[in-house]
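Peer 1: I'll drop the sequence and a predicted model, then ask my questions.
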Amino acid sequence: MALTDRVVAIAGAAGGLGPTVARAFVATGARLAVAGRNQADLIQLLDSMQLPDDRRLASAVDLTDATATQGWAEQIAGKFGRVDVLLHLVGGYKGGTAIAEIPAADWDFVHNLLIKTTLNAVRAFVTPLKANGWGRFITVSSPRAQTPSAKTAIYAMSKAASEALVLALADEFKGTGATANIVVVNSIATPEQRAAEPDKDYSKATSAEEIAAAMLYLCSDAASAINGARLALTGRG
């Protein structure tokens, strides 16, 4: 499957999942616009793929800031003329605490990373993704959004809120040719994790490569009728 010259924006590109996904999309011929907090990490990622300047854009962006996220979308349009795909890979976890003992700081942490960044990304990219009659929005979620437990309460509710927003976006996309979907995983095993901890049990984890492949499929023409779906990569769990 080729995404030749498609403009793919990745929020949280320098995180654990980001590099594998970025390389998978570049291999199909896509142009890449990456965002995260650390400009040096983003540039290092793009340099590792030997992308020429006319096929790359690295932007240090605080994705919890609505104005900054909107500015990133405008920066992409300014360089490439459009944006075709937004992959929301921003993540984080706080949990393991009884509900009555949840620290306020933990709630602020997951609210900012999981809800606020999703809302800002949806608001900034909904119009350009609809404009070209093809756009794709994909995020990553957890089964906890549907089956919360007492000690994962704030994480589960944050993921559930993010999912609700993406499903609402899918509703807005109806009839436009654009789609919004969710990839659901129990946990993620990145190449870096497996190298650092080769003896760890990854039997129930979804590999970063599998997640990238699912995202590529959702961006293919074969998946053009899939909108508002929760694609579960949880068969091992």
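Peer 2: Received the coordinates, thanks. Numbering: from 1, shown residues only.
Peer 1: secondary structure class for Phe137?
Peer 2: Secondary structure, DSSP: H, G, I helix; E, B strand; the rest coil: Phe137 is strand.
Peer 1: got the contact list for it?
Peer 2: Applying CB atoms under 8 Å, 6 or more residues apart in numbering, we find Phe137 in contact with 85-86, 88, 121-122, 125, 129, 166, 169, 173, 178-181. Where C-beta positions appear, they are placed from N, C-alpha and C, glycine not excepted.
Peer 1: repeat that for 6 Å
Peer 2: Residues near Phe137 by CB atoms under 6 Å, 6 or more residues apart in numbering: 86, 180.
Peer 1: Measure how buried Tyr202 is and give me the count.
Peer 2: Per other CB atoms under 10 Å, the neighbour tally for Tyr202 reads 16.
Peer 1: Not counting its neighbours along the chain, what's nearest it?
Peer 2: Leaving aside its chain neighbours, Tyr202 sits nearest to Ala189 (4.4 Å; criterion: CB to CB, 6 or more residues apart in numbering).
Peer 1: Tell me what the one you found is bridged to.
Peer 2: When bridges are called by DSSP bridges, Ala189 pairs up with Ser207.
Peer 1: Tell me, how many residues neighbour it?
Peer 2: Using other CB under 10 Å, Ala189 has 21 other residues around it.
Peer 1: In this structure it contacts Ala205, no?
Peer 2: Yes. Here Ala189 lies in contact with Ala205, judged by CB atoms under 6 Å, at a distance of 3.9 Å.
Peer 1: that's a strand at Val8, yeah?
Peer 2: Yes. Counting by three-state DSSP, Val8 is part of a strand.
Peer 1: where's Leu89 relative to Ala100, distance?
Peer 2: Distance from Leu89 to Ala100, counting by CB to CB, to the nearest Å: 32 Å.
Peer 1: Ok, Arg230 next?
Peer 2: Taking CB to CB as the measure, Arg230 falls 30 Å from Ala100.
Peer 1: go on, Ser142?
Peer 2: Distance of Ser142 to Ala100, computed by CB to CB: 23 Å.
Peer 1: What of Gly135?
Peer 2: Look at Gly135 and Ala100: by CB to CB, they are 43 Å apart.
Peer 1: Show me where this protein has its helices.
Peer 2: For the chain, the helices defined by DSSP state H cover 18-26, 39-48, 66-80, 104-110, 117-131, 153-173, 191-196, 208-218.
Peer 1: Once you drop chain neighbours, what's closest to Ala212?
Peer 2: Setting aside the residues directly before and after it, Ala212 is nearest to Ala24 in space (CB to CB, 6+ apart), at 3.8 Å.
Peer 1: what number of residues lie near that neighbour?
Peer 2: By other CB under 10 Å, 18 other residues sit near Ala24.
Peer 1: That one is in contact with Glu210, isn't it?
Peer 2: No. Counting by CB under 6 Å, Ala24 stays clear of Glu210, with 10.5 Å between them.
Peer 1: What residues of the helix or strand of the chain with the lowest mean pLDDT count as buried?
Peer 2: Across the helices and strands of the chain, the lowest-confidence element by mean pLDDT, DSSP states H and E is helix 191-196, at a mean of 80. Using 16 or more other CB atoms under 10 Å as the test for burial, helix 191-196 gives Gln193.
Peer 1: now the farthest one out in this structure, which residue is it?
Peer 2: Residue farthest from the centre of the chain, counting by CA atoms, centre = their mean, is Ala100 at 30.9 Å.
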